[in-house]
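[1] Below are the sequence and a predicted model for it; my questions follow.
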Amino acid sequence: MPIPTTLIENRTPVERAILVGAPPRSLDARTVEEHLEELVRLTDTAGGNVVGVLIQRLDAPNARYFLGGGKVAQLRELVEEKEADLVIFDEDLKPDQAKNLEDFLGTRVMDRSELILDIFASRARTSEAKMQVELAQLEYLLPRLKRMWSHLSRIRGGIGLRGPGETQLETDRRLIGKRIVDLRKKLKGVAESRAIQRQRRNGAFRAALVGYTNAGKSSLLQALSGADLFVEDRLFATLDSATRSVELGSGHEGLLTDTVGFIRKLPHHLIASFRSTLEEAREADLILHVIDSSHPEWEEQRAVVEDVLADLELHERPQVLVFNKVDRLTHGEERALRDRVRAIENRPAVFVSALEEGALHELVDALKARVRLRLQPVHLHLPVADGETLATLYREGEVLSLEERGVHMDVTARVPEALLGRLSRVDGVRVLEPS
């Protein structure tokens with residue numbers, strides 16, 4: 001059977017899932033609870049129904065089952081009691097551990113990476129996103145091919161079986177390897193096209209929104225640009241990057257790009273596959289690191305994003321921390337948050353809400369200040385009748401002063417370098433020395 005060139009989304013009835021957490025003993029109880037709540041949300045996003053939870057703190061994973069012998073026996077009893085279709089681990093399992101667990105439990109077993117990959121498969125909409133997810137899935141599948149064949153022969157569809165998985169029953173490693181090479185080649189072409197598009201936008205101020213999934217990046221882009229974007233209160237609601245023009249006032253504007261959200265233990269295959277999409281952040285003049293200020297573990301989420309940015313060699317880019325969702329905080333909680341951020345951060349930080357009218361001024365002011373840093377102050381001697389050039393100054397730059405002197409006017413302004421070059425070629429316009 002030939003390997004398909006597009007992902008297939010195969011929705012089936014809701015599956016009954018049991019979640020398994022195996023955190024290290026050093027992790028505090030609150031963090032363990034937060035991690036499991038996140039796994040619940042991931043399972044819900046994938047279309048599963050959580051019917052049970054099992055936790056075992058470990059010093060080191062068991063080589064055979066990841067869990068200890070007694071705990072895995074308890075897990076089998078729970079599977080039978082709850083009539084579960086699926087067991088989902090919050091950790092990454094080795095291929096042989098997953099196979100041993102499936103044989104012992106008599107049901108399908110997924111790890112965290114496989115679950116996230118499945119969500120990405122169901123959320124991919126554009127051809128680029130579908131290719132990126134398919135590549136990540138195939139690279140994850142390759143060392144697990146034998147196990148996939150065994151349980152796919154019994155079960156059709158369901159969580160973890162969307163994308164290329166279900167259609168690969170007769171595909172061997174050679175064909176998968178060939179498909180991976182083909183996808184990498186196509187994505188390289190997409191990356192080159194993106195680079196050309198970015199070159200066309202040279203001269204424009206560009207900022208990129210990055211952050212933990214569900215921090216509100218798409219809501220912020222929608223509120224700032226007025227664009228009609230898909231927004232949903234679920235993890236990984238959108239995968240495709242979106243760039244919109246944002247009016248900042250005083251004649252300033254910029255291009256703002258929303259990028260795919262990050263998450264704890266994001267599969268490295270996905271990071272590699274989405275690298276071309278994240279190039280938008282690499283080429284941006286400013287990175288806006290969006291943080292859910294209402295989340296009790298926002299500091300851990302911030303650290304996760306910074307680790308991913310470091311992996312992508314983006315951690316040294318100019319950055320502003322954007323604490324979103326302050327509308328969910330009391331005035332006292334917001335004051336405490338501001339004090340906490342001032343105490344631990346040496347980077348600029350703003351506090352905003354994408355949902356409350358007038359609650360974005362700190363972010364707009366921060367963007368406007370960055371735009372001004374890119375403008376060159378100049379004096380111009382213009383004919384009074386040259387309204388077109390004056391309008392261009394107001395539209396693309398910032399007019400600081402204007403004084404009419406007979407048939408001419410003296411204008412002091414800040415302008416982008418590209419506009420300064422155009423002005424110097426206009427008949428009747430004299431560009432004087434920078435101020």
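    Okay, I see it.

[2] Identify each buried residue in the helix ranked longest in the chain, please.
    Scanning the chain for the helix with the most residues, using DSSP state H, yields helix 173-200. Across helix 173-200, burial judged by 16 or more other Cβ atoms under 10 Å covers 176, 179-180, 183, 187, 190, 194, 198. The way it works is simple: take the backbone N, C-alpha and C, and place the C-beta from them, glycine included.

[3] any idea how far that helix is from the chain center?
    In terms of Cα atoms, centre = their mean, to the nearest Å, the centre of helix 173-200 is found 20 Å from the chain centre.

[4] Show me what it is packed against.
    Counting contacts by 3 or more Cβ pairs under 8 Å, 6 or more residues apart in numbering; DSSP states H and E, helix 173-200 packs against helix 127-141, helix 275-283.

[5] which of the buried residues of helix 173-200 lies closest to H269?
    Distance to H269, by Cβ to Cβ, is smallest for I180 among these, at 10.4 Å.

[6] Okay, that closest one and T389: tell me how far apart.
    Between I180 and T389 the distance is 55 Å, computed by Cβ to Cβ, to the nearest Å.

[7] How about L402?
    12 Å.

[8] dump the residue contacts of R25.
    Applying Cβ atoms under 8 Å, 6 or more residues apart in numbering to R25 gives the contacts 57-59.

[9] ok, and the most crowded of those?
    Counting neighbours by other Cβ atoms under 10 Å, L58 comes out on top of the contacts of R25 with 16 neighbours.

[10] Dig out what that one forms beta bridges with.
    Applying DSSP bridges to L58 gives these bridge partners: P24.

[11] pLDDT wise, what is it at?
    On the pLDDT scale, L58 is placed at 91.

[12] For it, which residues are in contact?
    Contact analysis of L58 by Cβ under 8 Å, 6+ apart lists 22-25, 67-68.

[13] Of these, which is the nearest to M131?
    A22 (33.3 Å).

[14] Please report how far the closest one lies from K71.
    A22 is 9 Å from K71, by Cβ to Cβ.

[15] Give me the common contacts of these two.
    With Cβ under 8 Å, 6+ apart as the test, A22 and K71 both reach Q56.

[16] Can you report how many residues lie near V429?
    So V429, with other Cβ under 10 Å, has 16 neighbours.

[17] Just list the residues touching it, thanks.
    380-383, 386, 389, 423.

[18] Most widely separated two among the residues you listed?
    Once Cβ to Cβ is applied, these give P383 and L423 as the farthest pair, at 12.9 Å.

[19] ok so, going back, most packed of the helices and strands packed on helix 173-200?
    helix 127-141 (a mean of 23; mean count of other Cβ atoms under 10 Å).

[20] For that helix, name the packing helices and strands.
    helix 112-123, helix 173-200, helix 268-273, helix 275-283.

[21] so which of these comes closest to F236?
    helix 112-123 (5.4 Å).

[22] could you give me the average pLDDT of the closest one?
    Across helix 112-123, pLDDT averages out at 87.

[23] Report the angle between that helix and helix 127-141.
    150 degrees (axes from the mean of the first three to the mean of the last three Cα atoms, to 10 degrees).

[24] For helix 112-123, what is the distance to the chain centroid?
    Per Cα atoms, centre = their mean, the centroid offset for helix 112-123 relative to its chain is 14 Å.

[25] rewinding a little: following the chain onward from the longest helix of the chain, which element is next?
    strand 206-211 (DSSP states H and E).

[26] what angle sits between that next one and helix 173-200?
    140 degrees.

[27] Show the secondary-structure elements that the next helix or strand after strand 206-211 is packed against.
    Downstream of strand 206-211, the first helix or strand assigned by DSSP H and E is helix 217-225. With contacts defined as 3+ Cβ pairs under 8 Å, 6+ apart, helix 217-225 has these neighbours: strand 206-211, strand 242-249, strand 252-258, strand 286-292, strand 319-324, helix 361-373.

[28] and the gap between the closest residue to L270 other than its chain neighbours and F89?
    Distances taken as Cβ to Cβ, 6 or more residues apart in numbering put A136 closest to L270, at 4.7 Å, once the chain neighbours are dropped. Distance of A136 to F89, given as Cβ to Cβ: 19 Å.

[29] same question, V190
    Taken as Cβ to Cβ, the span from V190 to F89 is 33 Å.

[30] from what I can see A359 touches S353, true?
    Yes - using Cβ atoms under 8 Å, A359 is in contact with S353, at 3.9 Å.

[31] could I get the helices and strands packed on helix 217-225 as TSV with mean neighbour count, distance to H35 and mean pLDDT?
    Output for the helices and strands packed on helix 217-225, formatted as TSV (neighbours: other Cβ atoms under 10 Å; distance: least, Cβ to Cβ, whole Å; pLDDT from 0 to 100):
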stretch	mean neighbour count	distance to H35	mean pLDDT
strand 206-211	25	18	92
strand 242-249	16	30	84
strand 252-258	22	26	85
strand 286-292	24	16	95
strand 319-324	24	22	96
helix 361-373	18	30	90
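
[32] Rebuild these as a markdown table, extending it with distance to D85.
    Listed next are the helices and strands packed on helix 217-225 as a markdown table, based on distance: least, Cβ to Cβ, whole Å:
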| stretch | distance to D85 |
| --- | --- |
| strand 206-211 | 33 |
| strand 242-249 | 36 |
| strand 252-258 | 35 |
| strand 286-292 | 32 |
| strand 319-324 | 36 |
| helix 361-373 | 45 |
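
[33] Can you tell me which of the ones you listed is nearest to E306?
    Per Cβ to Cβ, nearest to E306 of those: strand 286-292, 7.8 Å.

[34] Parallel or antiparallel, list what pairs with that closest one.
    Going by DSSP bridges, the partners of strand 286-292 are strand 206-211 (parallel), strand 319-324 (parallel).

[35] Just after it, pick out the following helix or strand.
    By DSSP H and E, the next helix or strand past strand 286-292 is helix 298-311.

[36] list the buried ones in that following helix?
    Quick answer for helix 298-311 (16+ other Cβ under 10 Å): 298, 301-302, 304-306, 308-309.

[37] Over to stretch 256-274?
    Here stretch 256-274 shows 256-264, 266-267, 269-274 as buried, counting by 16+ other Cβ under 10 Å.

[38] Could you list the low-pLDDT ranges of the stretch 1-150 of the chain?
    1-13, 145-150 (pLDDT under 70).

[39] In it, what residue spans correspond to helices?
    29-46, 69-82, 95-105, 112-123, 127-141, 145-152 (DSSP state H, counting those that start in this stretch).

[40] I'd like those as TSV, with distance to K325 appended.
    TSV is the format used below for the helices of the stretch 1-150 of the chain (distance: least, Cβ to Cβ, whole Å):
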stretch	distance to K325
helix 29-46	16
helix 69-82	35
helix 95-105	37
helix 112-123	22
helix 127-141	26
helix 145-152	40
